[in-house]
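>>> attaching a predicted model along with its sequence, questions to come.
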Amino acid sequence: MIRTTSVIALTAALGFAPIALPAQEEQPAQDLPSDTGSGDAQQDGDQAPSSDATEDTGIQDSADDNDTSGQPDAASDEDDATTDEATGDGADSGSATSPEAQETNPDEGSATETGTPEADQAPTGTATDASEGTEQARAPRTPSPIVPTEPTWTGFHGQLSAQKYSPLDQINADNVGDLEKVWDYHTGDVSDGSGERPATVWSATPIYANGLLIIGTPFYRVIALDPATGEEVWSFDSQSTLEALTQPALKNRGVSYWEAENPVDGEACQKIVYLGTMDAQLFAIDAEDGQPCESFGENGVLNVNQWNETEDRWPLSLLQPPTIVGDHVVIGWAGKDWEWETAPPGTVFSVDPRTGELEWTVELLPEDVRERTGTANVWTHMSADEELGLVYLPVSSPSPNYWGGNRTEDIPLATSTTAVDVETGEVVWSYQYVHHDVWDYDTNAAPTLMDITVDGEEIPALLQSTKMGTLWALNRETGEPIWPVEEIEVPTDQNIEGEELSPTQPVPTVPEPVVDLENRPEAWWIADLLSLGKCSRIFDNARYEGVFTPLTTEGSGTLVYPATFGGQQWGGVGYDPENQIAIVNSSRAVQMLKLYEREEYDEEAGGSGNEVGFYPQTGSPYGFELYVPLNWLGMPCWEPPYGDIRAIDMKTGETLWTRPMGASQKYGFYMPESMGSPTIGGPAVTAGGLIFIGASMDAKVRAYSVETGEELWEDNVMAPAVSNPAVFEHEGKQYVAFTAGGNSIIKDQVGDQLAVYALPD
Amino acid sequence: MPDRLKRRSPLGSGLIVLAGLAGAAIALYLFLTPLSGVTGTIGALIVLAASLAVALGGLLMMATGSAVWRWLTVLGILGTALAAFFLHGWWIMLAMLVALVGVVLAGIGPVRKTQGATA
């Protein structure tokens, strides 16, 4: 059990301070060697990308299978894991005030070698006004407002604030029942994994930009469509290798868009679409005609893997499109974090949108541990406040995911939200959610930026969802929590070699977590009965003492709840800024995780899949097995509901309503909707009082009332829609678009459908 | 063996046959049609097969008048309706309701005397 006996840090009251870092003088960016990389990138040169404007190429059947960069076996999810003990013995300090980590010697390490103006990340333990370090270098652009005044859907989360909010109200609670599909489009870029090609996982949010609806595909193509008809306007084929170099599937979460502040008519690449690939190439494509932008990188391609310099076991996969903040293309990357003990250390790059020239790099691991661990990368989208000049990084956990004996010192930026000056890359503040993370609790979604009114005071805030199911409301200027955070005692007794668990962990008090963090889910009697007691035997033979239960080699292992896929996922939190209501969908799923000592692992290990199976963590003393406890009929062993959606009043942090969301489905049979479904993907919220969301296992897309949570509309799509929908206006008409790509984490179903809905004329 | 068998009107068992075939046709449609929600699923195939079994039960009732077949057919109808419920196959459920009506008619309809085989 989690022992909440001592409230160690009531954050504001006891002087909690997130890591706040002194402003550092801006340093000039320098060019990097063009290809110093470690070479998994085979895109250059011999694979000329092709663009096919106006021609209907709809189905592109195969890209090359001639990739030479190897690494055929796919494992793991797209990040890496686990932080470190931030507070040491922790009992009397705040949740993230460690003074040591992250100090970067400007004369050493990769940053210096590459000439990047990396920040000195020595935390001071005191909050710093974010504006101090940023005023000197503001972009001249007009910042995008936190409360959108016009409909914008130019990025993965719609807006830079990641609110997923549209001020459009043509479609509203009264007429949404009339919504009908006006067109759909099949990219042809889909694989179920039954052949030689890996399965696809398509989590792209379409963007509406330059009068086009633009999507990226898991075969690493870009397609621009007429938003009214679905007719193809242009397409671009990166001809990227279609191998699972880092992830167990071909993944793509779409594209990003940049536009010159004053585009010059007739000049190429004034509006650019960016597409990343599994093999770490970033393509820049002219949004007018789909042609590569020759001035970007080398002939329109930037080899991001040239900056993969430490433990470069795999390419820095660009599955999440970069975050565009003014004239900065901010790039995170994904990896293969369950495979080895050590891995590439987490970095975020900013490059010039026109040239691809490196502007700055953020190193997320302290220099002295980089070669012993790795990752703490940013594999999901970021958000940004252009007024403050800050970009917010959701940082994952260090390597390996489920053992921390190689990194017992503080790693304060891991499993955090870290605010970075977008002009310099300097870390301004950071807030850590898990000390010494050995549970793979990556921060897995962009924080949602919002202005909220608490006790009559307007606060610039952000709301960070997490895999743990906790929701963190922070002041986005300072990183300080808005409501109290408890530092609770957690179990540390374990017999894992070299492991030193943190004795405390932070838990927010408001809003309430979306799952129970203390009590073990019970075995569901129906599943248990049909399994002749197998479910309860698995549960009873596992260790569970709350969300921070130590991992073990014994019995069924540790019961992991919420499962390693969340809690919440990359869809993040939606927000209605007019009514200050946050919309959160979540999963209530259980996994069993068992560590195996190396010798035993080598004997026992079988195959692996997407967030399930055996993974070696080679180099560490332990491999592990992760599985979802199901009975022989495929029924979950734990009690429903399996997922829900809720509305939270951000003025008070109170939950306004919650309801099971979607239906679970197996072999085609739907379970009752009262049992809900695990959800992957997120919502879009509109001024019409509506929440649009796919995300559920049953491959339906739905509309709910923001006010009541009532389901108002639904339709079937080809596969679960595991991204955010896009809401846009084109020629005076409001549309809602869903990509139905599927994700084997929740269901073995793939799709290539873009479905677009509107009211009848 | 009696030289003349007493049987109910074939109306009820005929209705069962038709309802079973209709259920199978709907299940096939759901199995084949994109975006039905159960396209290509094992569940749709199971309901298709179960609906055909219901139709077969109706035929056997018609051919034999046996109470055993009647009760087995009733079980088949209820099971198929339940499976259709979990498939969200509302039209299949309606077809099974019609089949149940057929069972009732087969039980209460007028007795029809038929020529039996001579010993």
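Yes, it's here. Residues are numbered from 1 along each chain as shown, chains lettered A, B, ... in the order given.

>>> buried ones in stretch B:65-76?
Neighbour-count burial for stretch B:65-76 flags B:65, B:69-70, B:72-74, B:76 (criterion: 16 or more other CB atoms under 10 Å in any protein chain shown). The C-beta positions use only the backbone N, C-alpha and C, and glycine is treated the same way.

>>> where along chain B do the strands fall?
B:4-8, B:111-115 (DSSP state E).

>>> hmm, A:Y544 is touching A:G557, no?
No - contact between A:Y544 and A:G557 fails when scored by CB atoms under 8 Å: they sit 10.2 Å apart.

>>> neighbour count winner among the two?
Using other CB atoms under 10 Å in any protein chain shown as the criterion, A:Y544 and A:G557 rank with A:G557 on top: 23 against 19.

>>> isn't A:F349 up against A:G356?
No - the criterion here is CB under 8 Å, and A:F349 misses it with A:G356 at 10.0 Å.

>>> of the two, which one has the most company?
When A:F349 and A:G356 are compared for neighbours, A:F349 comes out ahead with 26 against 22, by other CB under 10 Å.

>>> any idea which element the more buried one lies in?
According to DSSP states H and E, A:F349 maps onto strand A:347-351.

>>> before we move on, back to that, and which of the buried residues of stretch B:65-76 is nearest to chain A?
Of all those, chain A sits closest to B:G76, with 17.6 Å by CB to the nearest CB.

>>> show me what contacts that closest one?
By CB atoms under 8 Å, 6 or more residues apart in numbering or on different chains, B:G76 lies in contact with B:50, B:53-54, B:57.

>>> by neighbour count, which of those wins?
The residue in the contacts of B:G76 with the most neighbours, by other CB under 10 Å, is B:V54 (32 neighbours).

>>> for chain A, see how far away it is.
Applying CB to the nearest CB, to the nearest Å, one obtains 18 Å for the distance of B:V54 from chain A.

>>> so which residues on chain B come close to chain A?
Residues of chain B that fall close to chain A, judged by CB under 8 Å from any CB of the partner chain: B:34-38, B:41-44, B:46, B:83, B:86-88.

>>> turn those residues into TSV, columns for pLDDT.
Output for the residues of chain B next to chain A, formatted as TSV (pLDDT from 0 to 100):
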residue	pLDDT
B:P34	95
B:L35	95
B:S36	96
B:G37	96
B:V38	97
B:T41	96
B:I42	97
B:G43	97
B:A44	98
B:I46	98
B:A83	98
B:F86	97
B:L87	97
B:H88	96
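
>>> please check those and keep the buried ones.
Taking 16+ other CB under 10 Å as the criterion, what is buried in those is B:35-38, B:41, B:43-44, B:46, B:83, B:86-88.

>>> now do the contacts for whichever residue of the stretch 601-750 of chain A sits closest to chain B.
Of all residues in the stretch 601-750 of chain A, the one sitting closest to chain B is A:G668 (2.8 Å; CB to the nearest CB). By CB under 8 Å, 6+ apart, A:G668 lies in contact with B:37-38, B:41-44, B:87.

>>> who's in contact with the residue nearest the centre of chain B?
Among the residues of chain B, B:V54 comes closest to the average C-alpha position under CA atoms, centre = their mean, at 3.1 Å. When contacts are counted by CB under 8 Å, 6+ apart, B:V54 is found next to B:16, B:19-20, B:23, B:73, B:76-77, B:80, B:96, B:99.

>>> need the pLDDT of it.
B:V54 carries a pLDDT value of 98.

>>> chain A against chain B: which residues are in contact?
A:667-671, A:698-700, A:716-718.

>>> among those residues, who's most crowded?
Among the residues of chain A next to chain B, the one with the most neighbours (other CB under 10 Å) is A:A699, at 26 neighbours.

>>> surely that one and A:E714 touch.
No - applying CB under 8 Å as the test, A:A699 and A:E714 come out as separate, 10.7 Å apart.

>>> which non-adjacent residue is nearest A:E499?
With sequence-adjacent residues excluded and distances taken as CB to CB, 6 or more residues apart in numbering or on different chains, A:E499 is closest to A:G405, at 5.2 Å.

>>> please, which helix or strand holds the one you found?
Using DSSP H and E, A:G405 falls within no helix or strand.

>>> repeat that for A:T205.
When elements are assigned from DSSP H and E, A:T205 belongs to no helix and no strand.

>>> hmm, A:P725 and it touching each other?
Yes - contact criterion CB under 8 Å: A:T205 and A:P725 qualify, at 7.3 Å.

>>> so where do the helices sit in the chain?
You didn't pick a chain, so chain A it is. Counting by DSSP state H, chain A has helices at residues A:109-114, A:525-530, A:534-540, A:598-604.

>>> actually, chain B is the one I wanted.
Along chain B, counting by DSSP H, helices occupy B:10-32, B:42-64, B:67-86, B:90-108.

>>> just the residues contacting the shortest one, thanks.
Among residues not part of helix B:90-108, those counted as contacts by CB under 8 Å, 6+ apart are B:8-9, B:11-16, B:18-20, B:22-23, B:26-27, B:47, B:51, B:54, B:58, B:61, B:70, B:73-74, B:77-78, B:80-81, B:84-85.

>>> swap in 6 Å and give it another go.
Helix B:90-108 has contacts (CB atoms under 6 Å, 6 or more residues apart in numbering or on different chains) with B:8, B:11-13, B:15-16, B:19, B:22-23, B:26, B:54, B:61, B:74, B:77, B:80-81, B:84.

>>> rounded mean pLDDT for that helix, please.
The average pLDDT within helix B:90-108 is 94.

>>> tell me which residues in that helix are buried?
B:92-96, B:98-100, B:102-103, B:105-106.

>>> worst average pLDDT in the helices of chain A?
helix A:109-114 (a mean of 31).

>>> turn the helices of chain A into a markdown table, columns for mean neighbour count.
As requested, those are exported to a markdown table (neighbours: other CB atoms under 10 Å in any protein chain shown):
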| stretch | mean neighbour count |
| --- | --- |
| helix A:109-114 | 18 |
| helix A:525-530 | 16 |
| helix A:534-540 | 19 |
| helix A:598-604 | 13 |
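
>>> would you turn the ones you listed into TSV with distance to A:T229?
As requested, those are exported to TSV (distance: least, CB to CB, whole Å):
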stretch	distance to A:T229
helix A:109-114	46
helix A:525-530	47
helix A:534-540	51
helix A:598-604	55
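
>>> out of those helices, which is closest to A:G566?
Closest to A:G566 of the helices of chain A, according to CB to CB: helix A:534-540, at 20.3 Å.

>>> who are the packing partners of that closest one?
Helices and strands touching helix A:534-540, by 3 or more CB pairs under 6 Å, 6 or more residues apart in numbering or on different chains; DSSP states H and E, are helix A:525-530.
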